[in-house]
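Novice: I need the structure of the sequence given here:
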Amino acid sequence: MTILLYELVGRDERRPFSPHCWKATMALAHKRLDISTEPTRFLEVPTIEGGASKTVPVIRDGDNVVIDSFAIALYLEETYPDRPTLFGGEGGKAMARFIERWSQLTIHPFVTTAALVDLHAMQDEENAVYFRQSRERRFGKQLEDVVAARDAGLAAFRASLEPLRSMLGYQPFIGGASPLFADYIVFGALQWARIATPYQLLEDGDVVAQWFARCLDLHGGLGRKVAAAA
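Specialist: Below you'll find the model as predicted:
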């Protein structure tokens with residue numbers, strides 16, 4: 001049976017950009033499951049599956065509708081135990097929870113700062129109005145004023161990745177010798193940036209950039225099927 005994934009897109013439905021949807025996409029590929037996708041724009045999200053969620057990703061697997069990327073990963077692990085593991089046991093689930101919070105508190109804020117104007121430019125006219133109004137209300141300033149701080153914050157952002165950088169000196173993936181869902185969490189955040197903005201978050205020789213390139217190559221180069229922003 002094919003699993004349906006609702007994923008966030010802008011004007012170009014071939015460029016899904018949500019970090020959380022990329023987590024789900026990679027998790028589904030890791031489990032070697034057949035999927036179809038439903039491109040969904042911001043203003044369409046509240047209408048999917050009868051208003052099941054205010055956010056994506058959402059999957060439908062037969063009669064089951066699951067919302068939230070972490071919940072989707074847990075569902076896939078429990079429903080398809082014969083497929084490659086996303087967590088490697090209960091300890092891996094706990095580790096992934098920590099990685100998720102670290103990523104959303106460390107990586108996501110700077111990606112937002114770096115990419116906000118570019119993300120706005122990716123939307124169609126109606127969704128661009130929504131995006132600007134909602135984000136400017138959230139930040140209390142214009143999008144352009146948020147992005148103006150990115151150069152000043154770049155060095156601190158790169159320094160904040162040192163724990164990840166150091167750990168990758170011991171092993172090729174966060175999950176160890178091979179990737180787990182914890183890798184897809186961080187991958188999703190950096191893939192969001194890669195697709196949304198040409199602004200360079202990482203230096204080319206950074207071991208984090210090298211790890212990210214390995215993740216882009218996973219599952220037949222799935223992450224590279226959407227070109228980087230130019």
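Novice: would you mind listing the buried residues in the biggest helix by length in the chain?
Specialist: Longest helix in the chain, counting residues (DSSP state H): helix 90-121. Under the neighbour-count criterion of 16 or more other C-beta atoms under 10 Å, helix 90-121 has 92-93, 95-96, 99-100, 102-103, 106-107, 110-121 buried. All C-beta spots, glycine's among them, are computed from the backbone N, C-alpha and C.
Novice: let me see the mean pLDDT of that helix.
Specialist: Mean per-residue pLDDT for helix 90-121: 98.
Novice: quick one: buried residues of stretch 77-93?
Specialist: The neighbour-count check on stretch 77-93 (16+ other C-beta under 10 Å) flags 77, 80, 85, 86, 87, 88, 92, 93 as buried.
Novice: how close does the fourth one get to residue 181?
Specialist: Think residue 86. From residue 86 across to residue 181, the span is 4 Å (C-beta to C-beta, to the nearest Å).
Novice: mutual contacts of those two, please.
Specialist: Residues touching both residue 86 and residue 181 by C-beta atoms under 8 Å, 6 or more residues apart in numbering: 27, 30, 73, 92.
Novice: would you turn the residues you listed into JSON lines with secondary structure and distance to residue 177?
Specialist: Converted to JSON lines, the shared contacts of residue 86 and residue 181 look like this (DSSP: H, G, I helix; E, B strand; the rest coil; distance: C-beta to C-beta, whole Å):
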{"residue": "27", "secondary structure": "helix", "distance to residue 177": "19"}
{"residue": "30", "secondary structure": "helix", "distance to residue 177": "15"}
{"residue": "73", "secondary structure": "helix", "distance to residue 177": "20"}
{"residue": "92", "secondary structure": "helix", "distance to residue 177": "13"}
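Novice: just give me the closest of those residues to residue 21.
Specialist: Ranked by distance to residue 21 (C-beta to C-beta), the shared contacts of residue 86 and residue 181 are led by residue 27 at 10.5 Å.
Novice: distance of the closest residue in space to that closest one that isn't next to it in sequence from residue 95?
Specialist: Computed as C-beta to C-beta, 6 or more residues apart in numbering, the closest residue to residue 27 that is not its neighbour in sequence is residue 73, at 4.8 Å. Distance, residue 73 to residue 95, using C-beta to C-beta: 13 Å.
Novice: now the next helix or strand after the longest helix of the chain and helix 90-121, what's the angle there?
Specialist: Going down the chain from helix 90-121, the next helix or strand is helix 125-139, by DSSP states H and E. Here the directions of helix 125-139 and helix 90-121 differ by 120 degrees (axes from the mean of the first three to the mean of the last three C-alpha atoms, to 10 degrees).
Novice: any idea which helix or strand comes after helix 125-139?
Specialist: Next helix or strand after helix 125-139 toward the C-terminus (DSSP H and E): helix 143-147.
Novice: show the average pLDDT along that next one.
Specialist: Averaging pLDDT along helix 143-147 gives 98.
Novice: how about the following helix or strand past that helix: buried residues?
Specialist: Moving toward the C-terminus from helix 143-147, the next helix or strand (DSSP H and E) is helix 150-160. By 16+ other C-beta under 10 Å, the buried positions in helix 150-160 come out as 150, 154, 157, 158, 160.
Novice: what's the answer for stretch 14-26, then?
Specialist: For stretch 14-26, the buried set under the neighbour-count rule, 16+ other C-beta under 10 Å, comprises 16, 17, 18, 19, 20, 21, 22, 23, 24, 25, 26.
Novice: now the second one, nearest residue through space, not along the chain?
Specialist: Taking C-beta to C-beta, 6+ apart, and ignoring the residues beside it in sequence, residue 17 has residue 195 as its nearest neighbour in space, at 4.6 Å.
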